[in-house]
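mind looking at a prediction? Sequence and model below.
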Amino acid sequence: MNLRRSRSEEPELNLIPLIDIVFMLLIFFIVTTTFTRDTEININLPTADADPLKTEEKVLEVSIDAGGRFYINRQEVVNTELETVKRALRKEAEALQVKDPPLIISADAKTPHQAVITAMDAARQLGFVHLTFATQPTSER
């Protein structure tokens, strides 16, 4: 005696919820993706009441953005490790062909303190003694 009914219909898989999820993921990735990348470094310099100094033609400029990323002569350093910063500084100093080039540190006002110390430590270990910090004049002048 067979009490079960035989099913003649195939089981159906509803694809509408799956399509909805894929559509929502697509919208999420479109919204969160940046389409343009700025090539300039955005740095807000701290303010100071000092007279501007004359800068020489051949200088090393270390820029540090608010996130703590390093740029040496406008070229981004691969990471923020001390050895990597030293290697990049040494390479740029050799390219300038100057024995002791002046080093200008341009750090964003919101740069982590450790990033500035790392730049100074790398310069000290390489023997750079002419360090200058870039600032912008205060608006009261």
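Noted; the coordinates are in hand. Residues are numbered from 1 along each chain as shown.

past the lowest-mean-pLDDT helix or strand in the chain, which element shows up next along the chain?
Sorted by mean pLDDT, DSSP states H and E, the helices and strands of the chain end with strand 47-48, the least confident at a mean of 64. With elements assigned by DSSP states H and E, the helix or strand that comes after strand 47-48 is strand 60-64.

for that following strand, name the packing helices and strands.
The elements that strand 60-64 packs onto, with contact taken as 3 or more C-beta pairs under 8 Å, 6 or more residues apart in numbering; DSSP states H and E, are strand 70-72, helix 82-96, strand 103-107, helix 113-126. Quick note: C-beta positions are derived from backbone N, CA and C, even for glycine.

how about these in JSON lines, adding mean pLDDT, distance to Leu25 and mean neighbour count?
Formatted as JSON lines, those follow (pLDDT from 0 to 100; distance: least, C-beta to C-beta, whole Å; neighbours: other C-beta atoms under 10 Å):
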{"stretch": "strand 70-72", "mean pLDDT": "92", "distance to Leu25": "35", "mean neighbour count": "20"}
{"stretch": "helix 82-96", "mean pLDDT": "90", "distance to Leu25": "36", "mean neighbour count": "16"}
{"stretch": "strand 103-107", "mean pLDDT": "89", "distance to Leu25": "39", "mean neighbour count": "21"}
{"stretch": "helix 113-126", "mean pLDDT": "90", "distance to Leu25": "36", "mean neighbour count": "17"}
